[in-house]
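**Q** just coords:
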């Protein structure tokens, strides 16, 4: 490859999709490639973070990538001083986000080491205490967020407020409520990254050590030595399984099998023994149904607690399986035993000195790794679930005021534009005049919706410009599983020698089956038992479908991606990070999924 | 000790103290049998039986005489002496009590049981003898007369030209080297082969490498066929790599002729895997178990018996320590980074970036 022909296009050469020519107008300036900085921007390698943001942003939804990259950056750059790595810069191009890690000037790395040792060392040394405190902080943030309410402005200020000499009106509370919600979301994202990179770093250290001992060891074997089996991320699914078993035990399963959620719950409540089941259902809902069928990063995410039909569908599947005599609970004792067996057998193959080092690194990896899994429930599912619920309430309030005519109207505004709308609403209320926004926003939202729809018709480019000769940036490797090899795969056709799609060996085993391509969680109901799930990316709340499928194939994700973790758990083959399986494979095709080699072969069209 | 226990030992009764009397192969078969590993039944003809043979008819003196005039530098003289000794051993009757013991042990196995008769060398013998196929193996032997004759042939194989020359060179007294013989029920092998509990190409101990072909395993060991080759991840017990080869010949028993015969593999089977994936994993587990039992990498001969039901048809025929990589000095890392400094090192230079 010569310097004149970059491996991937320049962001300045990429054209806007038809119908979305004006896409730049819907995102803030700081996420865009500015013409004046062309030379600088083209000198960097950018990869599309479709693992976390697989679909184009609505303007409000950029809040998550803003806060996430800021939170990631602050810990590396300002809290812990990770010696070689600062944060990850980001840009939006045609609605998708591209990331570029910022390295530390080599001459400054050395000087950061003592600070890192002191700061990060403190976290590793006091992990459990700090983590217990972290959970308290996050729960308090969730409580605070839950307490926020958005109330329409009244006709007149309450007379008691007037007589008490309060001297403030209802807009004051409304503005504060919105500012609080944003502030708490911001806080949540800072907490999100407080432990995360340290967790990955300790895991990566263990990973590198084991790979050095056994160069041919499958990545998944290393993951299996560390993986938790009682992660809170599995709890929502486990709760459904328990509910299914209880329904069968109590003899109320038939009542749950048909009808709307409300009808089914009413039928159970009326049945003998139904009270006990309803009580357990209610207990499970909070917090465990704060569980998104997406990843928490989009206003379009559907949370179980707001869409009880989602867990009800899964529950009905589980009831069928319990009635068929299946053991549906995860065999946690066996999984733990297996984890220790694997670690023990590799350990036995090391010399004594290495065994001691192995014990230390494995111990640390096992201490820190539960956070990597658990934080996802606390932050993405629970806290962000509450945040999005509050934002939907506000969108509805403003819809009732006539700013837009659909429940999701607000999400076509940026978070700062929402503040403007609140100002417009409050100030016109105070003045006693008409609201400017009633004329402006319905038209503007219509325009923006068309742009986002047009953007969604196009897949993102995997990367922009030239990659560095070797990917050494630890977070690119840890968080996105991107290595020099995977970049080569993107640049090529993504196909191996015999036309097989090449990905990562996420979970072992070989299976042939009929493919079912799903692009959104709304399609999960289409899955038939025994099919091979093919999808751009999976989310933890898809866990119940893993009991139905025979294998999983994703476009995005590495060894520690959700699909890989859950497939290992269920003993299903998985190939992750194929780049393009969901567009190359069509529903109904027969495919062979080789989770050992990391390949997917189309057998019959 | 009865004459039977002195001259023959059933695999199930070979104790740790008997190893010198039964040679490496029989000792390993005894250990496996007693550990509950599925091994074809059989017995060892002990070195005491061979010693008794040597004392009989003055055979020992004859051998010593024949060797006295050998010039170790003159290969022709070695060859002449070795050949003479082999003829002497083969032409002598066994002592009556030795022969009776062998016949009794053979009868115990069942009427006219087809057996394999193999030499089981003691430690002082040629170190690579079994690998090089120097010592005799007789397959599909039927009937007590033939068994007795083949045991004697095994003893005679102690005096191949190469073995004699080796001992001359090493200054090992010929007459001190005794041989045991294994008499083992013949496996009706549908497929058989070898499993190593490390990758012989790289020494990688996380792999179990399996060679497998149709029929008896001798075709694989001697390199007459290109076997199917599997690499299995030892801990995860998963097939990582497979190469299915054209397996053109197989060695199968011919009960009528009382021997194993080589025959062409029919076209339909030549290029198809001779093992199912489940069988590959079963072979790997067997090898892994034997490695664990013997506490060092193993080289295992195994077979799938066509006459036994699935799940019980995998048999271990032999397990011995792997010698090539195990003797290599492992390049040891001087020290490992630990704790925070290791994490700094990992962040600065992640493994995945090192190619």
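**A** Arrived safely. The shown structure was predicted, so the numbers you read here are calculated from the model rather than taken from an experiment.
**Q** ok, now which ones touch the residue in the stretch 251-355 of chain B positioned nearest to chain A?
**A** Per Cβ to the nearest Cβ, residue B:351 is where the stretch 251-355 of chain B lies closest to chain A, at 3.3 Å. C-betas here are computed from N, CA, C, even on glycine. Counting by Cβ atoms under 8 Å, 6 or more residues apart in numbering or on different chains, residue B:351 touches A:204, A:207, A:208, A:211, A:212.
**Q** what about those, which are in strands?
**A** In this view, the contacts of residue B:351 have no member that belongs to strands under DSSP state E.
**Q** most neighbours of all those, which one?
**A** residue A:207 (27 neighbours; other Cβ atoms under 10 Å in any protein chain shown).
**Q** what's the helix or strand for the closest residue to that residue other than its chain neighbours?
**A** Nearest residue to residue A:207, sequence neighbours excluded (Cβ to Cβ, 6 or more residues apart in numbering or on different chains): residue A:222, at 5.3 Å. Assigning secondary structure by DSSP states H and E places residue A:222 in helix A:219-226.
**Q** what does that helix contact?
**A** A:203, A:206-207, A:210-211, A:338-339, A:342-343, A:346, A:362, A:365-366, A:369, A:504-508, A:559-560, A:564-565, A:568, B:233, B:235-236.
**Q** tell me the buried residues within those.
**A** A:203, A:206-207, A:210-211, A:339, A:342-343, A:346, A:362, A:365-366, A:369, A:504-508, A:559-560, A:564-565, A:568, B:233, B:235-236 (16 or more other Cβ atoms under 10 Å in any protein chain shown).
**Q** tell me the spacing between the nearest residue to residue A:480 once chain neighbours are set aside and residue A:162.
**A** Using Cβ to Cβ, 6+ apart and skipping residues adjacent in sequence, the residue nearest residue A:480 is residue A:51, 5.9 Å away. Residue A:51 sits 54 Å away from residue A:162, going by Cβ to Cβ, to the nearest Å.
**Q** more crowded one of these two?
**A** Between residue A:51 and residue A:162, counted using other Cβ under 10 Å, the more crowded position is residue A:51 (24 against 12).
**Q** tell me if that one really is in a strand.
**A** No: using DSSP: H, G, I helix; E, B strand; the rest coil, the assignment for residue A:51 is coil, not a strand.
**Q** residues in contact with it?
**A** For residue A:51, the contacting residues are A:480, A:537, A:556, A:557, A:561, by Cβ under 8 Å, 6+ apart.
**Q** farthest pair within these?
**A** The distance between the two most remote of the contacts of residue A:51 (Cβ to Cβ) is 11.8 Å, for A:480 and A:537.
**Q** coming back round to it: over to the residue nearest to residue A:480: give its phi and psi.
**A** Dihedral angles of residue A:51 (phi, psi; degrees, to the nearest 10) stand at phi -60, psi -40.
**Q** what of residue A:402?
**A** Main-chain torsions, residue A:402, degrees, to the nearest 10: phi 90, psi 10.
**Q** state the distance from it to chain B.
**A** Using Cβ to the nearest Cβ, to the nearest Å, residue A:402 is found at 53 Å from chain B.
**Q** same check on residue A:334?
**A** Going from residue A:334 to chain B by Cβ to the nearest Cβ gives 15 Å.
**Q** hey, what's residue B:230 bridged with?
**A** With DSSP bridges as the criterion, residue B:230 is bridged to residue B:210, residue B:242.
**Q** that one - how many residues pack around it?
**A** For residue B:230, the neighbour count with other Cβ under 10 Å is 27.
**Q** dump the residue contacts of it.
**A** Residue B:230 touches B:209, B:210, B:212, B:239, B:241, B:242, B:243, B:275, B:280, B:284, counting by Cβ under 8 Å, 6+ apart.
**Q** now a PyMOL select for only the buried ones of those residues.
**A** The buried residues among the contacts of residue B:230 can be selected in PyMOL (16+ other Cβ under 10 Å) with this line:
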select buried, chain B and resi 209+210+212+239+275+280+284
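**Q** show me which of the contacts of residue B:230 is closest to residue A:73.
**A** Among the contacts of residue B:230, residue B:241 lies closest to residue A:73 (Cβ to Cβ), at 42.4 Å.
**Q** what about the nearest residue to the closest one once chain neighbours are set aside, how many neighbours?
**A** Spatial nearest neighbour of residue B:241, chain neighbours left out: residue B:231 (4.0 Å); criterion: Cβ to Cβ, 6+ apart. Residues lying near residue B:231 (other Cβ under 10 Å) number 22.
**Q** how about stretch B:52-62: buried residues?
**A** For stretch B:52-62, the buried set under the neighbour-count rule, 16+ other Cβ under 10 Å, comprises B:52, B:53, B:54, B:59, B:62.
**Q** pLDDT, distance to residue A:276 and secondary structure for those - can I get that in CSV?
**A** Listed next are these as CSV, based on pLDDT from 0 to 100; distance: Cβ to Cβ, whole Å; DSSP: H, G, I helix; E, B strand; the rest coil:
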residue, pLDDT, distance to residue A:276, secondary structure
B:52, 93, 82, helix
B:53, 92, 83, helix
B:54, 90, 86, helix
B:59, 88, 89, helix
B:62, 88, 94, helix
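**Q** can you list the residues of the stretch 201-350 of chain B near chain A?
**A** Contact residues, the stretch 201-350 of chain B versus chain A (Cβ under 8 Å from any Cβ of the partner chain): B:202, B:204-207, B:233-236, B:238-240, B:277, B:330, B:332-333, B:336, B:338-350.
**Q** what's the closest of the contacts of residue B:230 to residue A:16?
**A** Among the contacts of residue B:230, residue B:241 lies closest to residue A:16 (Cβ to Cβ), at 46.7 Å.
**Q** so which bits of stretch A:188-195 are buried?
**A** A:188, A:189, A:190, A:191, A:192, A:193, A:194, A:195.
**Q** can you classify residue B:117 by secondary structure?
**A** strand.
**Q** the spatially closest residue to it that is not a sequence neighbour: helix or strand, and which one exactly?
**A** Excluding the flanking residues, the one nearest residue B:117 by Cβ to Cβ, 6+ apart is residue B:150, at 4.0 Å. Secondary structure assignment for residue B:150, by DSSP H and E: helix B:144-156.
**Q** what does residue A:113 give?
**A** Using DSSP H and E, residue A:113 falls in helix A:106-125.
**Q** got the contact list for the residue in chain A that chain B sits nearest to?
**A** Of all residues in chain A, residue A:208 sits closest to chain B, at 3.3 Å by Cβ to the nearest Cβ. Residue A:208 sits next to B:346, B:350, B:351, B:352 when contact means Cβ under 8 Å, 6+ apart.
**Q** quick one: which of the residues you listed is nearest residue A:293?
**A** Nearest to residue A:293 out of the contacts of residue A:208 is residue B:352 (Cβ to Cβ; 31.5 Å).
**Q** got a list of what that closest one touches?
**A** By Cβ under 8 Å, 6+ apart, the contact set of residue B:352 is A:208, A:471, A:477, A:483.
**Q** follow-up on the earlier one: among the contacts of residue A:208, which are located in helices?
**A** Counting by DSSP state H, these place residue B:346 in helices.
**Q** where do the helices sit along chain B?
**A** With DSSP H, the ranges of helices along chain B come out as B:3-7, B:19-34, B:47-55, B:59-68, B:75-91, B:96-108, B:144-156, B:161-170, B:218-222, B:267-270, B:277-294, B:324-327, B:339-348.
**Q** at which residues are the strands of chain A located?
**A** A:46-48, A:85-93, A:96-103, A:463-464, A:501-502, A:504-507, A:510-517, A:532-535, A:551-554, A:574-576, A:590-594, A:599-604.
**Q** could you say which one of those comes nearest to residue B:105?
**A** Among the strands of chain A, strand A:510-517 comes nearest to residue B:105, with 46.8 Å by Cβ to Cβ.
**Q** that closest one pairs with which strands, parallel or anti?
**A** Strand A:510-517 sits in its sheet next to strand A:532-535 (parallel), strand A:590-594 (antiparallel), going by DSSP bridges.
**Q** the first one - what's its average pLDDT?
**A** Per-region confidence: strand A:532-535 scores 92 on mean pLDDT.
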